[in-house]
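1. Please work out how this folds:
(4 chains)
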2 protein chains.
Amino acid sequence: MRERSVRERSVRVESVPDHSTAAASTGSARPRAQRADARRNVEAILDAATQCLRRDADVSVADIATAAGVGRITLYGHFKTRAELVDAVLVRAIESAHATLDSVDLADDPAQALASLVTSSWRIVEQFRGVLHAAQRELPPERIRDVHDRVLDPVAALIEHGRQAGVFRDDLPTSWLVTVAMSLMHAAAEDVDNGRLEAADAASYLVTTLLAAFTAPAPRPGSPRPERSPRSSR
Amino acid sequence: MRERSVRERSVRVESVPDHSTAAASTGSARPRAQRADARRNVEAILDAATQCLRRDADVSVADIATAAGVGRITLYGHFKTRAELVDAVLVRAIESAHATLDSVDLADDPAQALASLVTSSWRIVEQFRGVLHAAQRELPPERIRDVHDRVLDPVAALIEHGRQAGVFRDDLPTSWLVTVAMSLMHAAAEDVDNGRLEAADAASYLVTTLLAAFTAPAPRPGSPRPERSPRSSR
DNA sequence: CGGTACCCGTACATTTCTGTTCAAGTTAGC
DNA sequence: GCTAACTTGAACAGAAATGTACGGGTACCG
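-> Now for the predicted structure:
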């Protein structure tokens, strides 16, 4: 076991070239700009890779290329190695997830904000999780932790906010509540994939369950419920 | 790179030979009984495989053998193929999980029963889940579904019981609540593995969270109750 | 319309894993 | 202590995946 953990093939991922903006550095040679079909193919590859990696983290590059409708060699023309492809997929997924998460208004009533966040992003968050899981095998741990935190932070902020507003419970650590939220979004997506859950129901079940889990368990007869401040700001 | 690859789709698993009881069926040839060290090795292999598969579903047979402290050829002497090994691991895991789950007294107060079940078995259930996940790639789907249901059923029974007793909520399908329970046990185990959660806290967090999620929340003043889902709960 | 960036199939080298065979050495158990 | 059961390393064949190289074809863009 100590001999050689097959993993560290010293994947270079320090700087993934940005595939959407060509170089065009006003140089002397002036290479023609990237062609339109090339950009289209890159998009198709990233889309296909995202879906394939979510289904099976060990999908072969050939399968991804086929799913994207391009040849395997074309794919290698855009991404030198498998690791580079996975990293590009991860970058795109995190951008998408982060953008959606950021669009949630934290100033809202925390319960409302939670519902909004979950409803608008449970699919995207799940997609991110799938890609992240796939990436865990071939990308360095510090990179994983980095992108991981960057998606979890908004969720943590929302929970922290709701807790300080007295709406969410205070007897469990925020990190655990974050885990609960992410885990349930993941589980819902998985159940939808397996046909055990209707996609239309998922968001509502998620919101209902998470609100119950995050709300202080007060319905004991005799215990006073924490009343929400009647500030209806909007 | 390292892909088990689903090439052998039709793995024979109809009858896995019982490795714990030798043949010795009063035959004519009278083969000597299985030796003690052989049985010990089989146990060690199953233990190691369980742990390895949980960490990485694609672990190589060689790594498992090394982890078990035996040679790779010895392993192949006991399990003809990788699929057979995985199946044996799965069988043992399900037996363990099922035994623990069955020891929970359903006649108790549902909340108490839930606490008892989660506390006594969240680790085992998680172990089962890990092995199941690994098995999903090389065992036929019907076998997966079989063992899957066999572990989920006791949980579903507990929830159903608590719901009929009026303790657990009635506005979410049982199947979803089962998903919630399994998912959170898994998440807790994962967090413990990653050092984000103390193992000593896990059970208590789980029980607290699940009870809150399963108990119908008191109606929040001003907000209309969520519509009951008209969907049958499978 | 012309150049060239791009696509793609074939083929090849390399690595890793599975599963088998062989020919020893070792140990449990009667 | 004898024997059969067991273990083991080396070595081999087959499959599959990753990258690379070559060379002809296609379609985009100026």
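
2. The residue nearest to A:Val192 when sequence neighbours are not counted: neighbour count?
-> Nearest residue to A:Val192, sequence neighbours excluded (CB to CB, 6 or more residues apart in numbering or on different chains): A:Ala199, at 4.9 Å. For every residue, glycine as well, the C-beta is placed using N, CA and C. Look at A:Ala199: counted by other CB atoms under 10 Å in any protein chain shown, it has 12 neighbours.

3. and the longest helix seen in chain A, what's its mean pLDDT?
-> In chain A, assigned by DSSP state H, the helix with the most residues is helix A:110-135. When pLDDT is averaged over helix A:110-135, the result is 91.

4. list the helices and strands it packs on?
-> helix A:36-55, helix A:82-102, helix A:141-164, helix A:174-193, helix A:199-214 (3 or more CB pairs under 8 Å, 6 or more residues apart in numbering or on different chains; DSSP states H and E).

5. Now do the contacts for the residue nearest the centre of chain A.
-> Centroid-nearest residue in chain A, with CA atoms, centre = their mean: A:Phe128, separated by 2.5 Å. Taking CB atoms under 8 Å, 6 or more residues apart in numbering or on different chains as the contact definition, A:Phe128 lies against A:93-94, A:96-97, A:151.

6. By neighbours, which of these wins?
-> Most neighbours among the contacts of A:Phe128, by other CB under 10 Å: A:Ala93, with 25 neighbours.

7. unless I'm mixing things up, that residue is touching A:Ala49, no?
-> No: at 10.0 Å, A:Ala93 does not count as touching A:Ala49 under the criterion of CB atoms under 8 Å.

8. how many other residues sit next to the residue in chain A that DNA strand D sits nearest to?
-> Taking CB to the nearest atom of the strand, DNA strand D has its nearest neighbour within chain A at A:Ala36, 2.8 Å off. By other CB under 10 Å, 8 other residues sit near A:Ala36.

9. Also A:Gln34?
-> 15.

10. re earlier: for B:Leu106, which of the helices and strands packed on helix A:110-135 is the nearest?
-> Proximity to B:Leu106 (CB to CB) singles out helix A:199-214 among the helices and strands packed on helix A:110-135, at 22.9 Å.

11. Report the distance from that closest one to the chain centre.
-> Helix A:199-214 has its C-alpha centroid displaced from the chain centroid by 18 Å (CA atoms, centre = their mean, to the nearest Å).

12. list the buried ones in it?
-> A:201-214 (16 or more other CB atoms under 10 Å in any protein chain shown).

13. What distance do you get for the spatially closest residue to A:Arg123 that is not a sequence neighbour to DNA strand C?
-> Nearest residue to A:Arg123 in three dimensions, chain neighbours excluded: A:Ala189, at 6.7 Å (CB to CB, 6+ apart). Noted for A:Ala189: a distance of 29 Å to DNA strand C, by CB to the nearest atom of the strand, to the nearest Å.

14. and what of A:Asp87?
-> Taking CB to the nearest atom of the strand, one finds A:Asp87 at 19 Å from DNA strand C.

15. next one: A:Phe79
-> Applying CB to the nearest atom of the strand to A:Phe79 and DNA strand C gives a distance of 11 Å.

16. Buried residues, the longest helix of chain A. List them.
-> A:110-111, A:113-118, A:121-132, A:134-135.

17. about what we covered before: quick one: the residue nearest to A:Val192 and chain B, what's the gap?
-> According to CB to the nearest CB, to the nearest Å, A:Ala199 and chain B sit 12 Å apart.

18. returning to that earlier point: and of the contacts of A:Phe128, the nearest to B:Arg145?
-> If you rank these by distance to B:Arg145 using CB to CB, A:Ala93 comes first, at 30.1 Å.

19. what sits against the closest one?
-> A:50, A:127-128, A:131-132.

20. now do A:Val180
-> Contacts for A:Val180 were tallied using CB under 8 Å, 6+ apart; they are A:210, A:213-214, B:184, B:187, B:209.

21. Now with 6 Å, please.
-> A:Val180 makes contact with A:213, B:209, according to CB atoms under 6 Å, 6 or more residues apart in numbering or on different chains.

22. what's the burial count for A:Glu198?
-> With other CB under 10 Å as criterion, A:Glu198 counts 12.

23. what do you get for A:Pro154?
-> Neighbour count for A:Pro154, taken as other CB under 10 Å: 20.

24. doesn't A:Leu101 make contact with it?
-> Yes: A:Pro154 is within contact range of A:Leu101, at 4.2 Å (criterion: CB atoms under 6 Å).

25. Residues of chain A that sit close to DNA strand D?
-> Residues of chain A lying close to DNA strand D by CB under 7 Å from any atom of the strand are A:9, A:32-33, A:35-37, A:60-62, A:72-73, A:76, A:80-83.

26. what about chain A, any weak spots by pLDDT?
-> Within chain A, the ranges that satisfy pLDDT under 70 run A:1-33, A:216-234.

27. can I see the domain layout of it?
-> Here the domain parsing of chain A from automatic domain parsing is A:35-80, A:82-214.

28. Highest mean neighbour count out of those domains?
-> Stretch with highest mean neighbour count among those: domain A:82-214 (a mean of 19; mean count of other CB atoms under 10 Å in any protein chain shown).

29. ok so, going back, Serialize the buried residues of helix A:199-214 to CSV and add fields for distance to chain B.
-> Shown next, in CSV, are those (distance: CB to the nearest CB, whole Å):
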residue, distance to chain B
A:Asp201, 6
A:Ala202, 9
A:Ala203, 11
A:Ser204, 7
A:Tyr205, 5
A:Leu206, 9
A:Val207, 8
A:Thr208, 6
A:Thr209, 5
A:Leu210, 8
A:Leu211, 7
A:Ala212, 5
A:Ala213, 4
A:Phe214, 8
